[in-house]
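Undergrad: For reference, the sequence and a predicted model appear below.
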Amino acid sequence: MSIDKHIVEYVAHLSRIDLTTEELEKISIQLGSILDFIDKLKEADINNVNPTSHILPLNNVLRQDIRGESLSAQKALENSPEIKGNFFKVPKVIE
């Protein structure tokens, strides 16, 4: 499957990414190669393969969940540049 340069340009525009003509060409070729590889993977016979989450038999080592002492609001906020009540004050980021 090929990815048209115009599709890459459209997605870059939606992502607010400025790409040069060379970058558009290179990315469209790379994405086409990735999709071709995915098509090859779809052809593999996996009927007798059990589903796995990992190829090795690994287990997470978890510690006991023990309730402990937590920070007070005053201690948590003492290094904050700005505070409003018992909260961190941050600048508005919504345009």
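TA: Thanks, I have it. None of these values were measured; they are calculated from a predicted model.
Undergrad: Mind pulling the model confidence for the residue most central in space within the chain?
TA: Nearest to the centroid of the C-alpha atoms of the chain, with distances taken as C-alpha atoms, centre = their mean, sits Ser15, at 14.4 Å. At Ser15 the predicted local distance difference test score is 94.
Undergrad: neighbouring contacts of stretch 6-23?
TA: Surrounding stretch 6-23, the residues in contact under the criterion C-beta atoms under 8 Å, 6 or more residues apart in numbering are 24, 27-28, 31. (Each C-beta comes from the backbone N, C-alpha and C, glycine too.)
Undergrad: Among these, name the ones in strands.
TA: By the criterion of DSSP state E, membership of those in strands covers no residue at all.
Undergrad: Output those as a markdown table; include the columns distance to Asn86.
TA: Rendered in a markdown table, the data for the contacts of stretch 6-23 read as follows (distance: C-beta to C-beta, whole Å):
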| residue | distance to Asn86 |
| --- | --- |
| Leu24 | 50 |
| Ile27 | 47 |
| Ser28 | 52 |
| Leu31 | 48 |
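Undergrad: Check which element follows the helix ranked longest in the chain along the chain.
TA: Once the chain is assigned using DSSP state H, the helix that runs over the most residues is helix 21-42. Scanning the chain past helix 21-42 towards its C-terminal end, the next helix or strand to appear is helix 73-77 (assignment: DSSP states H and E).
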